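Trainee: I'll drop the sequence and a predicted model, then ask my questions.
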Amino acid sequence: MGVALLAGSGGAAVAAPSPRSAAVAPAGSYERLHPLVDLAAQRLATADLVAAAKYGTGSPVDDPAREKQVLDDVARQARELGADPEATVRIFRDQIEANKVVQRELHRRWDADPSQVPAEKPDLGEVRKEINRVNGELVRGIADSAAARSAPSCRGLVTVAGVRVRHERQLDLLHTVALERALRSVCAG
Ligand SMILES: C=C(O[C@@H]1C=C(C(=O)O)C=C[C@H]1O)C(=O)O
């Protein structure tokens, strides 16, 4: 079960956490979860650049070798921090799927309307450097939020953070849907 950032998506309204769940939230939960959600949105912003870098080059959206490298790297970084590598990998699988949601949709739009294809083709290697930077911050954010992520208050607080990030970053519908996908397993259990 994920979080609902779009009122009406799946029939779920966006609700503030109830006083009861807020009362049991470990101290500083929201302050630990909001940066995590913001980093997920930052990572998703790279999908537009990756999509542009790959478009028309024959490079597929799915790159299993690169995905394995990302997952191996973040698991190692989590271990080095004394954090949970399994939770870290689980959350990163969702980041990767969300990134591909954006790439596939942008490619679909550009196929349908070539006038929308970005004029500039970024260097995929450079974009991946930025992704690696965000990955490192995300691993730390995951490590720092273990208590907040395993508390019953997590889902409500992640939803509130997601709605806030959506507004702060002026996310369009595509990136909001993808952010929901990215946040699916942030909350443990
Ligand atoms: C972002 C990319 O596209 C896909 C998504 C990835 C990710 O989110 O880390 C990794 C490999 C690809 O399957 C990429 O190729 O770098």
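Mentor: Structure's in. What do you need?
Trainee: how much space separates residue 4 from residue 70?
Mentor: Distance, residue 4 to residue 70, using Cβ to Cβ, to the nearest Å: 27 Å. Heads up, the C-betas are built off the backbone N, CA and C, glycines and all.
Trainee: over to residue 120?
Mentor: Distance from residue 120 to residue 70, counting by Cβ to Cβ: 25 Å.
Trainee: for the two, indicate the residue with more neighbours.
Mentor: A count of neighbours by other Cβ atoms under 10 Å puts residue 70 above the other of residue 120 and residue 70, at 21 against 7.
Trainee: so what's that one up against?
Mentor: 92, 96, 131, 135 (Cβ atoms under 8 Å, 6 or more residues apart in numbering).
Trainee: once you drop chain neighbours, what's closest to the residue nearest the centre of the chain?
Mentor: Taking Cα atoms, centre = their mean, the centroid of the chain lies closest to residue 40, which sits 3.2 Å from it. Closest residue to residue 40 apart from its sequence neighbours, by Cβ to Cβ, 6 or more residues apart in numbering: residue 182 at 4.4 Å.
Trainee: from what I see, that neighbour and residue 43 are in contact.
Mentor: Yes. Counting by Cβ atoms under 8 Å, residue 182 does reach residue 43; the two are 7.4 Å apart.
Trainee: these two: who's more crowded?
Mentor: More crowded of residue 182 and residue 43, by other Cβ under 10 Å: residue 182, with 29 against 24.
Trainee: how much space separates the more buried one from residue 36?
Mentor: 10 Å.
Trainee: one step back: which one of the contacts of residue 70 has the most neighbours?
Mentor: Ranked by the number of neighbours (other Cβ under 10 Å), these place residue 92 first, at 24 neighbours.
Trainee: element containing that residue, please.
Mentor: Using DSSP states H and E, residue 92 sits within helix 85-112.
Trainee: thinking again about what came up before, for the residue nearest to residue 40, what are its contacts?
Mentor: Residue 182 neighbours (Cβ under 8 Å, 6+ apart): 40, 43-44, 94-95, 97-98.
Trainee: quick one: pLDDT of the residue lying farthest from the centre of the chain?
Mentor: For the chain, the C-alpha farthest from the mean C-alpha position belongs to residue 115; by Cα atoms, centre = their mean, that distance is 28.4 Å. Listed pLDDT for residue 115 reads 98.
Trainee: and stretch 67-78, does that touch the ligand?
Mentor: Yes. With Cβ under 6 Å from any ligand atom as the criterion, the ligand is reached by stretch 67-78 at 67, 70.
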